[in-house]
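Visitor: got a predicted structure here, sequence first:
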Amino acid sequence: MSDERTLIFEQNRPTLEGITYRMLGELSGALDIVQETYLKWCEIDVSTVHSPRAWLITVCSRIALNQLKSARVRRELYVGEWLPEPFPDQLNQDPRVQLELDDTVSVALLLALERLSPSERAAFLLHDVFNLSFDEIANTLGKSNANCRQLATRARKRIREHRPRFHTTPEEHQTLLEAFISAARRGDLERLITLLANQVELYSDGGGQVEALPSMLCGAEKVAKFFVSVFGRYQRNAIAIQTLWLRFNGSSGLLIYENGQLATALTIDVHAGHIHRLYAVRNPDKLSQLPAEM
């Protein structure tokens, strides 16, 4: 039974990790919740469980919901801009499954989810992303079916209001990011400006631990000048810069290493041939699941 118990859990692990990451926007925290769910799973009599998947999702979601409530309090005290922890693509993932998941782990969606209450976030994710019925969600949240429907409806409305809908091909995304980092390394201000939307937004998350912008920076010229200054400082201080391509949060991203040590995970939103948003995660705690050295 022990082997069967473990097999059942491992079959459901990707779903549990997916739920908890989207609930929290934190990969390391999500993995801790999944482990806690596993320990609870090991304590019960599995033969009494009618639907192991439903049991695991219910328990995992409840733990995540409690964690999210405390996480929201911490984020009110967070130093500077908060960005979700990078979520690398799963190795050997079915390409069709990966395509369906890409949009649901995008930084844009995760930031839109931050505007929801914990219950709204849970109802939306469990129904719209993980296809649970409202009866199952009601059992998970301890609310009525009708209440859960209202939560999901409100969540969808608020997400549509605050989540930009950028449609681009992976090839265009990669090409623009490559052109951007190349121009930044050369200090080519004019080229950078042509790659950016007029009202481009730059978000930088250092968590108060490393240097980062204190707030969002807006405007093509301002953002271009910022990156020219950053790479100019690298050159003046003889800091060796290396880069590594890695898909995370559903699209191509770039890991930037300073003297061989991971310093930044950079990704972008693209629309109509221009970069509309840049997200630079620099908080070391949020880079722990990525390759640390070149």
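Guide: Structure received.
Visitor: for the nearest residue to R156 once chain neighbours are set aside, give me its contacts.
Guide: Spatial nearest neighbour of R156, chain neighbours left out: F124 (6.5 Å); criterion: CB to CB, 6 or more residues apart in numbering. C-beta here means a position set from N, CA and C on the backbone, and glycine is covered the same way. Contacts for F124 (CB atoms under 8 Å, 6 or more residues apart in numbering) come out as 113, 116, 151-152, 155-156, 159.
Visitor: surely A54 and D135 touch.
Guide: No: A54 lies out of contact with D135 (CB atoms under 8 Å); the separation is 10.2 Å.
Visitor: which strands and helices sit next to whatever helix or strand R156 lives in?
Guide: Under the criterion of DSSP states H and E, R156 resides in helix 145-162. If you count contacts as 3 or more CB pairs under 8 Å, 6 or more residues apart in numbering; DSSP states H and E, helix 145-162 packs onto helix 107-113, helix 118-124, helix 134-141.
Visitor: compute the number of surrounding residues for the residue lying closest to R22 once chain neighbours are set aside.
Guide: Counting by CB to CB, 6+ apart, L125 is the residue found nearest to R22 once chain neighbours are left out, at 5.2 Å. Here the number of neighbours of L125 (other CB atoms under 10 Å) works out to 25.
Visitor: for the record, mean pLDDT for stretch 173-184?
Guide: For stretch 173-184, mean pLDDT rounds to 95.
Visitor: give the buried residues for that stretch.
Guide: 173-177, 179-181, 183-184 (16 or more other CB atoms under 10 Å).
Visitor: just put these in CSV and tack on secondary structure and distance to N198.
Guide: Compiled in CSV, these are given as follows (DSSP: H, G, I helix; E, B strand; the rest coil; distance: CB to CB, whole Å):
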residue, secondary structure, distance to N198
H173, helix, 19
Q174, helix, 23
T175, helix, 20
L176, helix, 15
L177, helix, 19
A179, helix, 17
F180, helix, 16
I181, helix, 21
A183, helix, 17
A184, helix, 18
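Visitor: kindly indicate which of these lies nearest G206.
Guide: Nearest to G206 among the buried residues of stretch 173-184: A184, at 18.4 Å, using CB to CB.
Visitor: neighbour-wise, which of A54 and D135 wins?
Guide: A54 (16 against 10).
Visitor: give me phi/psi at the more buried one?
Guide: Phi and psi for A54, reported as degrees, to the nearest 10, are phi -60, psi -40.
Visitor: low-confidence bits of the stretch 151-294 of the chain, can you list those?
Guide: Within the stretch 151-294 of the chain, the ranges that satisfy pLDDT under 70 run 164.
Visitor: which residues of it fall in helices?
Guide: Using DSSP state H, counting those that start in this stretch, the helices of the stretch 151-294 of the chain run over 170-186, 189-195, 220-236.
Visitor: tell me which of those lies nearest to G80.
Guide: Going by CB to CB, the one of these nearest G80 is helix 220-236, 14.6 Å.
Visitor: any buried residues in that closest one, and which?
Guide: 220, 223-224, 226-228, 231, 234.
Visitor: so who does L109 touch?
Guide: L109 touches 103, 159, 163, counting by CB under 8 Å, 6+ apart.
Visitor: make a markdown table out of the helices of the stretch 151-294 of the chain and add distance to T20.
Guide: Putting these into a markdown table (distance: least, CB to CB, whole Å) gives the following:
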| stretch | distance to T20 |
| --- | --- |
| helix 170-186 | 26 |
| helix 189-195 | 35 |
| helix 220-236 | 33 |
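Visitor: much appreciated, bye for now.
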